[in-house]
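1. Pasted the sequence and its predicted model underneath.
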Amino acid sequence: MNLSNLHNHQTAFVLRTTGSPSLRLRLEELGFVPGQEVTRLFATPMGTPIVFAMLGQRVALRSSEAAPVSYTHLRA
């Protein structure tokens, strides 16, 4: 499962990031590292961008940028 599949207000833990080295580095610099708790807050009506909450900040990603981030231990 990847972060673009989460529903609003669901929380998960980052398992790993995939994709190009530059995308992985950008995501890791934003805080999407293994074990990090991430909550999907909402998405725009068109579905992208998606806003996530983590580390006391809000991060907006396109669906294509959230897709390479796998998660585990989903909580409602």
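-> Structure received.

2. which residues sit against the helix ranked longest in the chain?
-> Criterion DSSP state H: the longest helix present in the chain is helix 21-30. With contact meaning CB atoms under 8 Å, 6 or more residues apart in numbering, helix 21-30 is reached by 17-19, 59, 65, 68-69. C-betas here are computed from N, CA, C, even on glycine.

3. Please indicate which of the residues you listed are buried?
-> 17, 59, 65, 68-69 (16 or more other CB atoms under 10 Å).

4. from those residues, which is closest to H7?
-> V69 (15.4 Å; CB to CB).

5. okay, that closest one: pLDDT?
-> Here the pLDDT value assigned to V69 is 96.

6. Check T48 too.
-> 89.

7. In three-state terms, label it for me.
-> Three-state call for T48 (DSSP: H, G, I helix; E, B strand; the rest coil): coil.

8. Tell me which residue is most central in this protein.
-> L3 (4.5 Å; CA atoms, centre = their mean).

9. and that one, how far is that from L61?
-> 8 Å (CB to CB, to the nearest Å).

10. intersection of neighbour lists for these two?
-> By CB under 8 Å, 6+ apart, the residues touching both L3 and L61 are 50, 52.

11. Of the buried ones among the contacts of helix 21-30, which belong to helices?
-> E65.

12. Return the residues in contact with A66.
-> 2-4, 50, 52.

13. that older thread, farthest pair within the contacts of helix 21-30?
-> Every pair of these checked by CB to CB; the farthest is T18 and V59, at 17.9 Å.

14. Number of residues surrounding L27?
-> L27: 22 surrounding residues under other CB atoms under 10 Å.
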